[in-house]
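> coordinates only, sequence not included:
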């Protein structure tokens, strides 16, 4: 997907967001329902790397493998280092939305006025935070 960065907001997917969406059977296409303006979904390289090295068992491992496959369908974002720290730093500077279910990370992002997309009730995505300022 090629487009001008000036007219789109990036939605950056975190590891646990991808895995949780798969586990709960929520299509990532539903992001368009939760984000009411022009956006582009991206997956950072360090998230792809984290997905590749995580190890679970049973249904969680199947969800991880499917999340790895889904991550490849989206554009890549060159981030490195610890995932949470890189997401916070990039999103703050780029005025992007971070998609995560990690409560501690959500708290940090909200304190820095970075909008957060998360899964509510294991059924749908919700956009929260200062997205009106994007």
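Structure's in. What do you need? Just so you know, these numbers come straight off a predicted model, no measurement behind them.
> By residue count, tell me the biggest helix in the protein.
For the chain, the helix reaching the highest residue count under DSSP state H is reported as helix 58-71.
> Now it: buried residues?
63-65, 67-68, 70-71 (16 or more other Cβ atoms under 10 Å). Just so you know, the C-beta spots here come from the backbone N, C-alpha and C atoms, and that holds for glycine as well.
> same deal with stretch 37-57?
Result for stretch 37-57 [16+ other Cβ under 10 Å]: buried residues 39-44, 46-48, 50-51, 54.
> related to what we said a few turns ago, what is the nearest of the buried residues of helix 58-71 to residue 16?
residue 67 (9.4 Å; Cβ to Cβ).
> on that earlier part again, dump the buried residues of stretch 37-57 to CSV, plus pLDDT and distance to residue 26.
Output for these, formatted as CSV (pLDDT from 0 to 100; distance: Cβ to Cβ, whole Å):
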residue, pLDDT, distance to residue 26
39, 96, 17
40, 97, 19
41, 98, 14
42, 98, 18
43, 98, 16
44, 98, 20
46, 97, 23
47, 98, 18
48, 97, 20
50, 96, 20
51, 97, 17
54, 95, 19
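> any low-confidence regions in this structure?
Applying pLDDT under 70 to the chain flags residues 1-6, 132-134.
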